[in-house]
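**Student:** Structure for the following, please:
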Amino acid sequence: MWYAYAIGYGYAIFAGLLTARVVNSMWELIGWKANDNESIRRNIWEPFSVGIIERALYVSSLILGHGVFIGFWLALKVAGRWTAPWEESAGNKKSWPVTRSAYQIFLVGSGISVLYAFVGFKLILQINKGEFTYGVVLSVVLVAANEVLKIWLDRYRKNG
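**Tutor:** Just a heads-up that it's a prediction; the model follows:
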């Protein structure tokens, strides 16, 4: 059924945009501000675009039975970010804790992105079987967990 794919990919791509809410809260915890012109986080559109594309790729790889592609893609992303902490901090206004925190944020964001893609994939399978309940519950639980994590991070930021 074509609509199963539309719903699954749509969920992975568009509900997956909620990943940014958690990631942005984590960046704010280490001092990033959305209106900061000298930000350690430039070109915010790049990770946003990569997230949309990667979730579509993840769903496709799971549908095709090649989930190993997800590991390859994540390794590619890590390799693209790879620099030694002392190289990154030398003359760059960055310090090791900030770069380490940025890496942790990257891991969390990537993990949540994979979860949205997996749930999108499960939605496709469940809808094609005619079993809507499991897919709907799973998709709602992930969105709720995403929002609970964001609320917790925001409270942590306020209460330190």
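
**Student:** Same question for the helix or strand where residue 51 lies: list its buried residues.
**Tutor:** According to DSSP states H and E, residue 51 maps onto helix 45-63. Buried residues in helix 45-63, defined by neighbour count with 16 or more other CB atoms under 10 Å: 47, 50-52, 54-56, 58-63. For every residue, glycine as well, the C-beta is placed using N, CA and C.

**Student:** Check the spacing between the closest residue to residue 26 other than its chain neighbours and residue 20 real quick.
**Tutor:** By the measure of CB to CB, 6 or more residues apart in numbering, the closest residue to residue 26 outside its immediate chain neighbours is residue 105, 4.6 Å from it. Per CB to CB, to the nearest Å, residue 105 is found 11 Å from residue 20.

**Student:** Kindly report the same for residue 51.
**Tutor:** Separation of residue 51 from residue 20 (CB to CB): 7 Å.

**Student:** Check residue 58 too.
**Tutor:** 17 Å.

**Student:** same question, residue 151
**Tutor:** Separation of residue 151 from residue 20 (CB to CB) stands at 15 Å.

**Student:** Could you count how many residues lie near residue 128?
**Tutor:** 13 (other CB atoms under 10 Å).

**Student:** Could you say which helix or strand holds it?
**Tutor:** helix 96-129.

**Student:** worst-scoring helix or strand of the protein, pLDDT-wise?
**Tutor:** Within the chain, no helix or strand scores below helix 85-89, which has a mean of 49 by mean pLDDT, DSSP states H and E.

**Student:** Nearest spatial neighbour of residue 117, chain-adjacent residues omitted?
**Tutor:** Leaving aside its sequence neighbours, residue 117 sits nearest to residue 58 (CB to CB, 6+ apart; 3.4 Å).

**Student:** Can you read off the pLDDT for that neighbour?
**Tutor:** Residue 58 carries a pLDDT value of 96.

**Student:** Tell me which residues are up against stretch 137-149.
**Tutor:** For stretch 137-149, the surrounding residues in contact (CB atoms under 8 Å, 6 or more residues apart in numbering) are 11, 15, 18, 19, 21, 22, 112, 115, 116, 119, 122, 123.
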